[in-house]
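*Asks:* attaching a predicted model along with its sequence, questions to come.
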Amino acid sequence: MSTRMRKLVGTILLLALVAVYVLVAIVVAGAVLPEANKVVELAFYTIAGLAWVLPAGLLVRWMHR
């Protein structure tokens, strides 16, 4: 696969990953956070805000290989 094609495929996959991740995070937050206290909310949003970075980083590394 050429570098140009790999970047195109990677970009599409990255956008799909982020869209699916956001939807999953919203569903989990709606199920968990209504009864949670502020510390649990802070922990959830911190983890949810950073958890997508690892798969996205692996995808970007594959794109630039």
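*Replies:* Yep, that arrived. Numbers count the residues shown, from 1 in each chain.

*Asks:* which helix or strand contains Lys7?
*Replies:* Counting by DSSP states H and E, the element that carries Lys7 is helix 3-32.

*Asks:* so what secondary structure elements neighbour the next helix or strand after that helix?
*Replies:* Scanning forward in sequence from helix 3-32, with DSSP H and E defining helices and strands, the next element found is helix 38-50. Packed against helix 38-50 by the contact rule (3 or more C-beta pairs under 8 Å, 6 or more residues apart in numbering; DSSP states H and E) you find helix 3-32. C-beta coordinates here come from the backbone N, C-alpha and C atoms, glycine included.

*Asks:* centre of the chain to the helix it packs on, how far?
*Replies:* Here helix 3-32 is found 6 Å from its chain centre; the criterion is C-alpha atoms, centre = their mean, to the nearest Å.

*Asks:* okay, buried residues for that helix please.
*Replies:* Of the residues in helix 3-32, those buried under the neighbour-count criterion (16 or more other C-beta atoms under 10 Å) are Gly10, Leu14, Ala25.

*Asks:* Throw the residues you listed into JSON lines and include pLDDT and distance to Leu54, thanks.
*Replies:* Converted to JSON lines, the buried residues of helix 3-32 look like this (pLDDT from 0 to 100; distance: C-beta to C-beta, whole Å):
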{"residue": "Gly10", "pLDDT": "95", "distance to Leu54": "15"}
{"residue": "Leu14", "pLDDT": "96", "distance to Leu54": "13"}
{"residue": "Ala25", "pLDDT": "95", "distance to Leu54": "15"}
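
*Asks:* which one of those sits closest to Trp62?
*Replies:* Gly10 (6.4 Å; C-beta to C-beta).

*Asks:* quick check, that closest one in contact with Leu59.
*Replies:* Yes: using C-beta atoms under 8 Å, Gly10 and Leu59 qualify as a contacting pair, with a distance of 5.6 Å.
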